[in-house]
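Trainee: please work out how this folds:
(4 chains)
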2 protein chains.
Amino acid sequence: MGEAEQLSLGSRTALFREGQPARHVFTLMHGTAKLTRLLPDGREQVLGFRFAGDVIGYTGGETYLFAAELLTPATLCRLERGRFDALMRRLPALERRFLDLCVQELAATQDQLVTVGRRTAEARLAAFLLQLAASRRLRLETGTVLDMPMTRSDIADFLGLTLETVSRGFTAFRRRGWVREPSHNHVELLNPRALTELIEGAACD
Amino acid sequence: MGEAEQLSLGSRTALFREGQPARHVFTLMHGTAKLTRLLPDGREQVLGFRFAGDVIGYTGGETYLFAAELLTPATLCRLERGRFDALMRRLPALERRFLDLCVQELAATQDQLVTVGRRTAEARLAAFLLQLAASRRLRLETGTVLDMPMTRSDIADFLGLTLETVSRGFTAFRRRGWVREPSHNHVELLNPRALTELIEGAACD
DNA sequence: CGTGCTATTGAGAAAAATCAAACGTGGTGG
DNA sequence: CCACCACGTTTGATTTTTCTCAATAGCACG
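Mentor: Predicted structure coming up:
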């Protein structure tokens, strides 16, 4: 794909906003982004986070259905929508791949719906941390300490909570020795098992 | 598509369960179904409702990622997975159509995430009722009275609430004259505008 | 005409939000 | 280089929302 430009952008840059004409499809080469829906009163719902290797901004229609914002400095490939569509028409395998990708994203969003709709604050946070760990494993990154570039507020907007509740959750996990924060923007899961049990077994034991 | 069988099934029949091998793809010809994820403790999250014309049970992988259950007696077309895949391979247009469909479902699930994650109980209920009305409009059905075959408990499991909270919501809407329930399993939206405002403008006015 | 299910209503408890204050930390400019 | 400032975070007290538990009422079906 020699047709794509390469970009390097700073932290907190907006890739695009909800409702804008969908002019580009991006691939995140390095860095982290969040996808969000804005509410009329200014609050936002984070739909998900995206990491190195993820494709961002594919839409069936003419406009983006959500906003994308970088959480870290990042490098991306940017492909014009027209070229993307042409590529798609030319290569049925690509279309196939995007269908699979879309099914996967749908499943992930359904997971998130379960988490937000039916779990307690601490269980939501546990699910988020385990998700982070799993997505990192998928990217074959080594080491036990996770990058966590999102703020408490980002996490809260992802989990349908307030930032205070998220903060209290981290404090609780730290006190129980389930989690360690060796430095700003880094977490280590010391007891993933306990986090899993918090999610599955509703009660204590 | 002469390859599909036609089925007539009774209310509350399970089409398939979460985790089962995905042997069929269904098209709902008449009736209503709910798609659900089961939680370890027996509670469930409703992922969505499906109506006449909707395709149910397409999965990328080998197993269903959620369960599907009829809420009413229904007639369906059932196509074997192998035949479905063959059809897909033969007809690129079909693949294209399923990609669009998947993108749409993704957007709908993201909407639902916003509703469950960031709205009050009454706003969630309002969003649900307006969604019902919109989906009915898409199906070009006439009349102002909506079929609502789902129980309070189904609605609660969709909105991340309890059935009592849903019931109180209906009572409140009825008292305000926003909604009427002419008979069991039917609703009429007397003031859709008020419902919209409840969702958008957080406050009273 | 019961009987079982769904829905409503109420009272009290629990979870999370809100409001408020203080803390730490990294970055900036003097 | 240090002090200060802005921002994210933590923590606490209180309020609000929603859940839970419980009892009653309404309906459809047999």
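Trainee: chain A against chain B: which residues are in contact?
Mentor: Proximity of chain A to chain B, by CB under 8 Å from any CB of the partner chain, involves residues A:37, A:39-41, A:43, A:45, A:47, A:58-60, A:65-66, A:92, A:95-96, A:98-100, A:102-107, A:109-110, A:112-114, A:116-118, A:157, A:159-160, A:200-202. Using the backbone N, CA and C atoms, a C-beta is placed for each residue, glycine as well.
Trainee: just the ones of these in helices?
Mentor: Among the residues of chain A next to chain B, the members found in helices (DSSP state H) are A:92, A:95-96, A:98-100, A:102-107, A:109-110, A:112-114, A:116-118, A:157, A:159, A:200.
Trainee: now a ChimeraX select for only the buried ones of these.
Mentor: Restricted to buried positions by 16 or more other CB atoms under 10 Å in any protein chain shown, the ChimeraX selection for these reads:
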select /A:95,96,98,99,102,103,105,106,107,109,110,112,113,114,116,117,118,157,159
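Trainee: quick one: residue A:19 is in a helix?
Mentor: No. The assignment for residue A:19 (DSSP: H, G, I helix; E, B strand; the rest coil) gives coil, which keeps it out of a helix.
Trainee: neighbours around the closest residue to it other than its chain neighbours, how many?
Mentor: Using CB to CB, 6 or more residues apart in numbering or on different chains and skipping the chain neighbours, the partner closest in space to residue A:19 is residue A:63 (5.5 Å). For residue A:63, the neighbour count with other CB atoms under 10 Å in any protein chain shown is 13.
Trainee: hang on, residue A:63 packs against residue A:21?
Mentor: Yes. Using CB atoms under 8 Å, residue A:63 is in contact with residue A:21, at 5.7 Å.
Trainee: what strand or helix carries the residue nearest the centre of chain A?
Mentor: When CA atoms, centre = their mean is applied to chain A, the residue found nearest the centroid is residue A:49 (1.1 Å). Using DSSP states H and E, residue A:49 sits in strand A:44-50.
Trainee: same deal with residue A:126?
Mentor: Per DSSP H and E: helix A:121-138 holds residue A:126.
Trainee: name every strand pairing with the strand holding residue A:49 and say which way it goes.
Mentor: Counting by DSSP bridges, the strands paired with strand A:44-50 are strand A:33-38 (antiparallel).
Trainee: for the strand it pairs with, buried residues please.
Mentor: A:33-37.
Trainee: repeat for stretch A:73-88
Mentor: Neighbour count says stretch A:73-88 has A:74, A:76-79, A:81, A:84, A:88 buried, by 16+ other CB under 10 Å.
Trainee: just send these back as a markdown table, with secondary structure, distance to residue A:17 and pLDDT too.
Mentor: Supplementary listing: the buried residues of stretch A:73-88 in a markdown table, determined by DSSP: H, G, I helix; E, B strand; the rest coil; distance: CB to CB, whole Å; pLDDT from 0 to 100:
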| residue | secondary structure | distance to residue A:17 | pLDDT |
| --- | --- | --- | --- |
| A:74 | strand | 17 | 96 |
| A:76 | strand | 16 | 97 |
| A:77 | strand | 20 | 97 |
| A:78 | strand | 16 | 97 |
| A:79 | strand | 19 | 97 |
| A:81 | helix | 16 | 96 |
| A:84 | helix | 19 | 96 |
| A:88 | helix | 24 | 92 |
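Trainee: in contact with residue A:107, which residues?
Mentor: By CB atoms under 8 Å, 6 or more residues apart in numbering or on different chains, the residues touching residue A:107 are residue B:65.
Trainee: okay, the angle between the helix holding residue A:126 and strand A:44-50?
Mentor: Interaxial angle, helix A:121-138 versus strand A:44-50 (axes from the mean of the first three to the mean of the last three CA atoms, to 10 degrees): 30 degrees.
Trainee: how about residues contacting helix A:121-138?
Mentor: Residues outside helix A:121-138 that contact it (CB under 8 Å, 6+ apart): A:49, A:51, A:115-116, A:119, A:146-148, A:155, A:158-161, A:165-166, A:168-170, A:172-173, A:179, A:187, A:189, A:192, A:195-196, A:198-199.
Trainee: could you rerun that using 7 Å?
Mentor: Where contact means CB atoms under 7 Å, 6 or more residues apart in numbering or on different chains, the residues beyond helix A:121-138 that reach it are A:51, A:115-116, A:119, A:146, A:148, A:155, A:158-159, A:161, A:165-166, A:169, A:172, A:187, A:189, A:192, A:195-196, A:198-199.
Trainee: just after the strand holding residue A:49, pick out the following helix or strand.
Mentor: Past strand A:44-50, the next helix or strand by DSSP H and E is strand A:55-56.
Trainee: helices or strands next to that following strand in the packing?
Mentor: Judged by 3 or more CB pairs under 7 Å, 6 or more residues apart in numbering or on different chains; DSSP states H and E, the packing partners of strand A:55-56 are strand A:24-30.
Trainee: parallel or antiparallel, list what pairs with the strand it packs on.
Mentor: In the sheet, strand A:24-30 lines up with strand A:55-56 (antiparallel), strand A:74-80 (antiparallel) (DSSP bridges).
Trainee: so which of those strands gets nearest residue B:8?
Mentor: For residue B:8, the closest of the strands paired with strand A:24-30 is strand A:55-56, at 42.2 Å, according to CB to CB.
Trainee: next SSE downstream of the closest one?
Mentor: strand A:67-70.
Trainee: pull the residues that contact that following strand.
Mentor: Taking CB under 7 Å, 6+ apart as the rule, strand A:67-70 contacts A:9, A:11-18, A:31, A:33-36, A:38, A:56-57.
Trainee: alright, calling it a day.
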